[in-house]
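**Q** the following block contains a protein sequence and its predicted model.
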Amino acid sequence: MSDREDRIVMAGLHELLGRVARTLGDHDRALAEHRMAAKTVPSGPSIARARILASLAQTLMLLGHFGEAERIGNEAIRVARTLGAAAPEARSIEAHALCTVGVARAWSADGEAGVALLEQARALARELDDPDVGFRATLNLTTSLALLGRSSEV
C-alpha cells in the first residue's frame, strides 16, 4: 500500500472510532478521533475526505460548536460537489453535510437559511433514495421550524 492509501485507511479508522465514541457518549474522545481523522486524511478531493469532513462537522454540530461545524461542513460540501457525478457516493455525503450545516445555521442568527439548507438536504436525499439522510433532514427540519415559531409548516 502507498503512503496515501495508508493515510486513508488510518483516517477511516479514526472516523469510525469517533462515531463509536459519539454513540457511547464519550464526546471528548469522539471529537478527538474525528479531528485526527481530518488531520490524517490526504488533502485534495476524495470520497474519504468528504466523508470524514462531513462526520467531523456533524460531531461539532451535535456538541454545539455551530460556527466550526458550518465551516467544516461547507468544506465537505465543496469536496463532494467537486467529485460530482464521477463518484455517486459523493452526492449522499453532500446531502449529509447540507443537513449538518442547515442545523448549524438554524440554531444561529440565520435560521431561515438553515431551513433552506435542510429542505435542500431532504430533497437531495429523496432524489438519491437515501432514507438515513432523508430521516435526519426531516427530523432536523421539524425541530428548526419549531425553533423559528413555524410549527404549523411541519
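**A** Looks like it arrived, so ask away.
**Q** ok, then the element right after the lengthiest helix in the chain?
**A** The residue-count maximum for a helix in the chain (DSSP state H) belongs to helix 3-23. Proceeding N to C from helix 3-23, the next assigned helix or strand is helix 27-40, under DSSP states H and E.
**Q** quick check: mean pLDDT of the longest helix of the chain?
**A** Averaged across helix 3-23, the pLDDT comes to 96.
**Q** again, but for stretch 50-67
**A** Averaging pLDDT along stretch 50-67 gives 97.
**Q** next: stretch 116-132.
**A** Here stretch 116-132 scores 94 as its mean pLDDT.
**Q** show me where this structure has its helices.
**A** Under DSSP H, the chain gives helices at 3-23, 27-40, 47-62, 66-83, 89-106, 111-128, 131-147.
**Q** make JSON lines from those and add mean neighbour count and distance to Glu153 to it.
**A** C-beta here means a position set from N, CA and C on the backbone, and glycine is covered the same way. Formatted as JSON lines, the helices of the chain follow (neighbours: other Cβ atoms under 10 Å; distance: least, Cβ to Cβ, whole Å):
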{"stretch": "helix 3-23", "mean neighbour count": "16", "distance to Glu153": "30"}
{"stretch": "helix 27-40", "mean neighbour count": "18", "distance to Glu153": "32"}
{"stretch": "helix 47-62", "mean neighbour count": "25", "distance to Glu153": "22"}
{"stretch": "helix 66-83", "mean neighbour count": "20", "distance to Glu153": "22"}
{"stretch": "helix 89-106", "mean neighbour count": "26", "distance to Glu153": "13"}
{"stretch": "helix 111-128", "mean neighbour count": "19", "distance to Glu153": "9"}
{"stretch": "helix 131-147", "mean neighbour count": "18", "distance to Glu153": "5"}
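**Q** please name every helix or strand in contact with the longest helix of the chain.
**A** With contacts defined as 3 or more Cβ pairs under 8 Å, 6 or more residues apart in numbering; DSSP states H and E, helix 3-23 has these neighbours: helix 27-40, helix 47-62.
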